[in-house]
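Novice: Next one to model:
(one chain, ligands or ions: 2)
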Amino acid sequence: MIEVAEVGPERAGDVVSVIHAGFGAREVLDPPSTATEETVQTVAAALTAHGGLLATADAVPVGALLFEPQGQLLGLRRVSVDPDEQGRGVARALVRRAERVAEERGFEGVLLTARAELPRTVRFWQHLGYAETGREGSLLTLARVLPVRVEAATAEQAQELGRRLAVVLRAGDLVILSGDLGAGKTTFTQGLGGGLDVRGSVTSPTFVISRVHPSLVGGPALVHVDAYRLGGIEELDDLDLDTSLEDAVTVVEWGEGVAEGLADTRLEVRITRARADDTAPVPDGPGPEGDGEEPRDPRTFTFVPVGSRWIGSGLRSALD
Ligand SMILES: Nc1ncnc2c1ncn2[C@@H]1O[C@H](COP(=O)(O)OP(=O)(O)OP(=O)(O)O)[C@@H](O)[C@H]1O
Ligand SMILES: [Mg+2]
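Specialist: Ligands and ions are numbered 1, 2, ... in the order given. Here you go, the predicted model:
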């Protein structure tokens, strides 16, 4: 069983051993990594400053990393796995835990550097949702903005979320909404249209594939697409719109779980009923409160940013 724990300087000895084992087993690069020069003292200093993670298998240290904040992102350094323990999911467990720590500490996402000469390592990170944000020689910077989960108790709150998202969107952005029939995709888009200040009211585009709402304030237009009637996302470009997608914010209402293999850069918004057991429809009319307020029918909105576009976009602070 692999366990991952946050550790401080008291575990510096274990952490430095794993770093030496992990980096020592790697092919020697030019310039070589300085990881093998780490000592108990340098690692203890790093752990004192920002902490780190230690992975153990049956209490034996097998993986480690160090934290180092970089602005809005939590940097990961010296991500190491004991070479005898490769392929057991240690690295993945470290990364997922690091992402939780980043979230708990209020960071927008996670950042790290990787060497271009190690394509398997780079693919590992890409597979976990990390996108290249910079390159200096053979040193790649990879980062991921973490998903943001927000509950909307009522339709009005769902629209408010759309208005808040509008603040961070700009021309060329693609937003993919997924969720069951009646999840709230159109409701959310109505708020988005309000926030973007576009012409015309956003309605369900059931009888047309798409509708263009031009901006009233010189900003991007809103292109609202119903993907049930679209053969595939590649057909988006073939739509005969009187605006270019580069000049618009494009919102696609999609079915559930279809949002894989789309454009490289996009914002996925997954809408679910907040409580899994809450399948019964809410009856019409006032609820037990009887005060005429909208009945609570909460939905969970999960915003999943894909691609480097969202780094530094302020997504989390706009939505939280
Ligand atoms: N918390 C909530 N969030 C969003 N919508 C809510 C909420 N509570 C109630 N509603 C209501 O649920 C309905 C959602 O319908 P909407 O047309 O937005 O869904 P949709 O996902 O676009 O459906 P479709 O798959 O048919 O396009 C609206 O009538 C809205 O008022
Ligand atoms: Mg709809």
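
Novice: Just the buried positions in the lengthiest helix in the chain, please.
Specialist: Assignment by DSSP state H gives helix 90-104 as the longest helix of the chain. Residues of helix 90-104 classed as buried by neighbour count (16 or more other C-beta atoms under 10 Å): 90-91, 93-95, 97-99, 101-103. To be clear about C-beta, it is placed using only N, CA and C from the backbone, and glycine gets the same treatment.

Novice: Quick one: mean pLDDT over it.
Specialist: Here helix 90-104 scores 97 as its mean pLDDT.

Novice: Export it to PDB, keeping only CA atoms.
Specialist: Taking C-alpha atoms only, helix 90-104 is exported to PDB below (Å, rounded to 0.1, in the frame of the first residue of the first chain):
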ATOM      1  CA  VAL A  90       4.000   6.300  -6.800                       C
ATOM      2  CA  ALA A  91       4.500   9.400  -9.000                       C
ATOM      3  CA  ARG A  92       0.800   9.700  -9.700                       C
ATOM      4  CA  ALA A  93       0.000   9.400  -6.000                       C
ATOM      5  CA  LEU A  94       2.500  12.100  -5.200                       C
ATOM      6  CA  VAL A  95       1.100  14.400  -7.900                       C
ATOM      7  CA  ARG A  96      -2.500  14.000  -6.900                       C
ATOM      8  CA  ARG A  97      -1.700  14.700  -3.300                       C
ATOM      9  CA  ALA A  98       0.400  17.700  -4.300                       C
ATOM     10  CA  GLU A  99      -2.600  19.000  -6.100                       C
ATOM     11  CA  ARG A 100      -4.800  18.600  -3.000                       C
ATOM     12  CA  VAL A 101      -2.200  20.500  -1.000                       C
ATOM     13  CA  ALA A 102      -2.100  23.300  -3.600                       C
ATOM     14  CA  GLU A 103      -5.900  23.600  -3.400                       C
ATOM     15  CA  GLU A 104      -5.900  23.600   0.500                       C
END
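
Novice: residue contacts, the closest residue to ligand 1 within the stretch 151-300 of the chain?
Specialist: With C-beta to the nearest ligand atom as the measure, the residue in the stretch 151-300 of the chain that lies nearest ligand 1 is Gly184; the distance is 2.8 Å. Contact partners of Gly184, counting by C-beta atoms under 8 Å, 6 or more residues apart in numbering, are 152, 155, 158, 271, 299.

Novice: And it, its phi and psi?
Specialist: phi 130, psi 20 (degrees, to the nearest 10).

Novice: what do you get for the one 3 residues further on?
Specialist: Dihedral angles phi and psi of Thr187 (degrees, to the nearest 10) take the values phi -60, psi -50.

Novice: again, but for Glu132
Specialist: Residue torsions, per degrees, to the nearest 10, at Glu132 are phi -70, psi 130.

Novice: what's the average pLDDT for stretch 189-197?
Specialist: Averaged over stretch 189-197, pLDDT sits at 97.

Novice: starting at the chain centroid, how far to it?
Specialist: Taking C-alpha atoms, centre = their mean, to the nearest Å, one finds stretch 189-197 lying 22 Å from the centre of the chain it belongs to.

Novice: do that stretch and ligand 1 meet?
Specialist: No - for a cut-off given as C-beta under 6 Å from any ligand atom, stretch 189-197 has no contacts with ligand 1; the smallest distance is 7.5 Å.

Novice: what does that stretch contact?
Specialist: Counting by C-beta under 8 Å, 6+ apart, the neighbours of stretch 189-197 from elsewhere in the structure are 158-167, 169, 175, 177, 200-202, 213, 215-217, 219-220, 222, 224, 249, 251, 253.

Novice: Pull out the buried residues from the residues you listed.
Specialist: Under a neighbour-count criterion of 16+ other C-beta under 10 Å, the subset of these counted as buried comprises 158-166, 169, 175, 177, 202, 213, 215, 219-220, 222, 224, 249, 251, 253.
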